[in-house]
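> I need the structure of the sequence given here:
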Amino acid sequence: MPKGESLRLSRKPGVSAYRKLVPRKRATIVYQFALSGLWINKGRNSLFCVSSVALTFHSQDNSARRKSAIFLALKPFQGVFVDRPSVDDYFGDWKQREALVQEMIPVIGRLFSKRDVGVFIYGRPLHNRSVTFIMKSHRFVRQIERNEMSEFESHPVLMALAKLDIWQAQIDLGKLTVAYMDQLEAKGDAAQNVDDFVRSELADIDGVQRDPNSKSQDVVLYGFGRIGRLMARLLIERTSSGEVMRLKAIVVRPGGEGDLQKRASLFSADSVHGAFQGTLRVDEENNSLIANGNELKVIYANSPEEIDYTKYGINDALIIDNTGMWRDEEGLSRHLKAKGASKVLLTAPGKGNIKNIVYGINDHIMKADDKILTAASCTTNAIAPVLKVINDKFGIDHGHVETVHAYTNDQNLIDNYHKGSRRGRSAALNMVLTETGAAKAVVKAIPELEGKLTGNAIRVPIPNVSMAVMNLSLATETTKEELNEFLRDIALHSNLQDQISLTESEDAVSSDFVGTREAGIVDSHATIVNGNHCVLYLWYDNEFGYCCQVGRMVYKMAGVNYQQYPIEE
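Now for the predicted structure:
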């Protein structure tokens with residue numbers, strides 16, 4: 001089919017639609033359409049309603065042959081012509097894609113809530129998401145993957161997926177759709193239809209019902225500050241049937257009158273991350289918060305060991321300590337003295353011999369019998385994955401990491417006493433030079449970088465999203481194009497897609513990355529390469545992006561292991 005021509009399927013309410021986009025490179029491809037209850041553009045501004053038709057033609061068929069094929073296929077059917085936007089009408093095209101997403105949302109919701117099947121587009125979860133979020137996720141794939149995947153392609157793939165007997169799984173709809181598009185282009189006449197292709201691709205998990213863990217894991221948040229509240233949002237969002245994991249309680253220090261209501265208000269509305277996407281009510285009688293139907297007991301305590309979690313129906317709980325009050329094994333072991341607690345995860349760098357885990361890099365050292373683990377720092381989680389893949393590919397002789405970090409609650413709003421150097425000066429008015437242990441902490445996750453990195457930090461007057469500037473001397477020479485292409489491939493097609501992302505936006509600024517789920521996002525336009533020397537600029541949401549990394553650790557500590565498609569190497 002010549003460039004610029006396509007068969008456009010337009011949707012009426014309650015009617016499915018599918019459009020095969022024209023590939024950019026010229027090739028002989030067989031286009032097959034199974035049309036049922038569709039409105040097909042005939043000419044520029046009219047539609048023809050058909051009940052059922054199968055249509056096949058080749059990309060190099062001339063215009064007369066294509067018109068003849070369409071005419072003969074539609075001849076047996078009667079219909080009514082109506083005025084519709086032309087194929088060049090961007091708004092009309094957008095409305096069609098919007099309608100398809102509106103059909104997809106309840107299907108995604110049922111898969112998640114009824115079968116515990118998570119649907120993703122290149123790592124981005126689609127359950128409980130808005131129409132525009134899902135459309136933007138499609139656009140992200142088109143921009144970064146450089147293909148023509150749209151809602152017209154993913155919609156029929158999702159519908160084929162929903163027909164299968166799949167349970168407790170995580171399916172990347174985006175990658176499944178791209179695989180289907182690739183086989184259409186590669187096989188021509190021999191290509192499978194969408195139902196057969198999806199069935200064959202997911203054959204290993206179709207009809208297989210396997211619990212992702214042996215029993216449901218109770219989770220308790222010890223502390224309810226910035227990280228604690230975001231972790232609560234994340235854990236509640238991931239609750240499907242509740243049979244895998246459920247947040248059961250929050251532990252805070254005793255407060256005064258109205259404490260429960262104030263904590264509920266801080267949870268439901270956040271100045272940086274916006275409103276909680278769900279419903280929340282306060283149960284004063286039972287001292288609970290009810291978030292999306294999940295009852296979260298609010299437990300008041302001055303120390304970990306004084307709590308009896310079993311009184312609240314909580315057993316073998318995983319305690320997420322986000323207070324940072326204790327960072328060594330002795331202090332964190334106090335949690336294990338509480339009745340009903342079994343494991344502890346610290347959301348800060350640990351001290352001593354505690355395993356500091358950067359998920360995706362050294363989580364393989366986690367053992368089922370580990371009682372105390374830490375999730376390192378937000379900066380270590382951001383830089384370690386990129387440093388790991390760069391070192392594996394090009395080798396790192398030495399380097400310096402400078403962190404431009406958002407201010408935190410540890411700093412003063414206005415000038416006041418602080419035990420730390422410079423941190424007593426107003427966070428909202430100054431850039432504050434300070435130290436960071438992230439460069440040294442990376443060595444715990446990547447031992448081969450021992451002695452090769454230095455680091456420092458500058459706190460700047462913004463509340464969230466930070467940047468790491470990595471100035472590296474490599475063992476081998478490269479180019480900007482080669483380095484960016486390597487990182488783009490890692491971000492899209494490796495088992496580190498949740499840790500490394502990439503932006504090609506020329507106008508990206510820090511606020512664009514609020515709420516991003518990857519540990520770090522490479523700013524490809526800012527990359528500098530000169531022989532064996534490179535400078536990489538890495539954005540990261542030091543709050544939510546870090547919490548997503550912690551959440552991945554929580555699932556692994558709980559022994560949760562979903563069936564997946566695809567399995568990335």
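> can you give me the helices for the stretch 451-569 of the chain?
Using DSSP state H, counting those that start in this stretch, the helices of the stretch 451-569 of the chain run over 480-493, 544-557.
> among these, which comes closest to Lys297?
Each of the helices of the stretch 451-569 of the chain was checked against Lys297 via CB to CB, and the shortest separation belongs to helix 544-557, namely 18.3 Å. All C-beta spots, glycine's among them, are computed from the backbone N, C-alpha and C.
> could you dump the helices of the stretch 451-569 of the chain to CSV with mean neighbour count and distance to Lys262?
Formatted as CSV, the entries for those read as follows, by neighbours: other CB atoms under 10 Å; distance: least, CB to CB, whole Å:
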stretch, mean neighbour count, distance to Lys262
helix 480-493, 18, 40
helix 544-557, 24, 22
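> report the residue ranges of every domain in the protein.
Each domain of the chain is listed here as a residue range: 9-83, 90-201, 217-348, 378-542, per automatic domain parsing.
> lowest average pLDDT across these?
The stretch with the lowest average pLDDT out of the domains of the chain is domain 9-83, scoring a mean of 40.
> follow-up on the earlier one: nearest to Asn362 among the domains of the chain would be which one?
For the domains of the chain, the distance to Asn362 is smallest for domain 378-542, at 4.4 Å, taking CB to CB.
> residues contacting Gln217?
Taking CB atoms under 8 Å, 6 or more residues apart in numbering as the contact definition, Gln217 lies against Val244, Met245, Arg246, Asp316, Leu318, Ala558, Gly559, Val560.
> typo on my end, His533
Taking CB under 8 Å, 6+ apart as the definition of contact, the neighbours of His533 are Leu472, Ser473, Leu474.
> what's in contact with stretch 484-492?
Among residues not part of stretch 484-492, those counted as contacts by CB under 8 Å, 6+ apart are 122, 144-145, 386, 389, 393, 496-497, 500-502, 518, 522, 524, 527.
> kindly export that stretch (C-alpha atoms) in CSV.
The C-alpha atoms that make up stretch 484-492 are tabulated as CSV, following Å, rounded to 0.1, in the frame of the first residue of the first chain:
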residue,chain,number,x,y,z
ASN,A,484,22.2,6.4,23.7
GLU,A,485,21.1,3.5,21.5
PHE,A,486,22.6,1.0,23.9
LEU,A,487,20.7,2.6,26.8
ARG,A,488,17.5,2.8,24.8
ASP,A,489,17.7,-0.9,24.1
ILE,A,490,18.3,-1.7,27.8
ALA,A,491,15.3,0.5,28.7
LEU,A,492,13.0,-1.3,26.3
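> and that stretch, how far out from the chain's middle?
Mean-position distance between stretch 484-492 and its chain equals 17 Å (CA atoms, centre = their mean, to the nearest Å).
> equivalent analysis for stretch 295-308, please.
Its chain's average C-alpha position is 31 Å from that of stretch 295-308, according to CA atoms, centre = their mean.
> before we move on, the earlier item: tabulate the domains of the chain in a markdown table, adding columns for distance to Tyr359.
Below are these laid out as a markdown table (distance: least, CB to CB, whole Å):
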| stretch | distance to Tyr359 |
| --- | --- |
| domain 9-83 | 36 |
| domain 90-201 | 13 |
| domain 217-348 | 11 |
| domain 378-542 | 7 |
